[in-house]
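below is the sequence, then the predicted model.
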Amino acid sequence: MVIGAVVGALVGLGAAYLLAQRANKDGKELRLSTGEGMRLGMLILGMLRQVSRLGDGKD
């Protein structure tokens, strides 16, 4: 669990860094719209669902 938490934190930090770099490159303020936030949340939930099925043996 600790390894998973550390990996998750590093992935989140990397994603935030990439978003900040994109905003700086475009010369814009870093903002996520409500729609972008919802899409991101749904993608994360889908990814977590897939991770939870890894040891299932069902494809």
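Received the coordinates, thanks.

could you use CA atoms for every contact and neighbour count after this?
Will do.

shaky segments in the chain?
Regions of the chain meeting the criterion pLDDT under 70 cover residues 57-59.

that one: helices as residue ranges?
Ranges of helices in the chain, per DSSP state H, are 2-26, 34-52.

rebuild the ones you listed as a markdown table, extending it with mean neighbour count.
As requested, the helices of the chain are exported to a markdown table (neighbours: other C-alpha atoms under 10 Å):
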| stretch | mean neighbour count |
| --- | --- |
| helix 2-26 | 12 |
| helix 34-52 | 11 |
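
distance of Thr34 relative to Gly41?
In this view, Thr34 and Gly41 are 10 Å apart by C-alpha to C-alpha, to the nearest Å.

for Leu18, same thing?
17 Å.

same deal with Met1?
Applying C-alpha to C-alpha, the value for Met1 to Gly41 is 22 Å.

same check, this time on Ala15
13 Å.

what do you get for Gly35?
With C-alpha to C-alpha as the criterion, Gly35 and Gly41 are 10 Å apart.

Ala20 against Leu30, yeah?
Yes. Using C-alpha atoms under 8 Å, Ala20 makes contact with Leu30 at a distance of 6.2 Å.

and Arg53, how far from Met47?
The spacing between Arg53 and Met47, counted by C-alpha to C-alpha, is 10 Å.

and for Leu30?
Taking C-alpha to C-alpha as the measure, Leu30 falls 24 Å from Met47.

ditto for Lys28
Here Lys28 is placed at a distance of 29 Å from Met47 (C-alpha to C-alpha).

CA atoms only: put stretch 23-35 into PDB for me.
Taking C-alpha atoms only, stretch 23-35 is exported to PDB below (Å, rounded to 0.1, in the frame of the first residue of the first chain):
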ATOM      1  CA  ALA A  23      -0.100  26.900 -19.000                       C
ATOM      2  CA  ASN A  24       3.300  28.700 -18.800                       C
ATOM      3  CA  LYS A  25       4.100  27.800 -22.400                       C
ATOM      4  CA  ASP A  26       0.700  29.300 -23.600                       C
ATOM      5  CA  GLY A  27       1.100  32.300 -21.300                       C
ATOM      6  CA  LYS A  28      -2.200  31.600 -19.600                       C
ATOM      7  CA  GLU A  29      -3.200  31.200 -16.000                       C
ATOM      8  CA  LEU A  30      -3.500  27.500 -14.800                       C
ATOM      9  CA  ARG A  31      -7.200  26.800 -14.700                       C
ATOM     10  CA  LEU A  32      -9.400  23.700 -15.200                       C
ATOM     11  CA  SER A  33     -12.900  24.200 -16.200                       C
ATOM     12  CA  THR A  34     -15.700  22.200 -14.600                       C
ATOM     13  CA  GLY A  35     -16.000  20.000 -17.700                       C
END
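
understood, closing this out.
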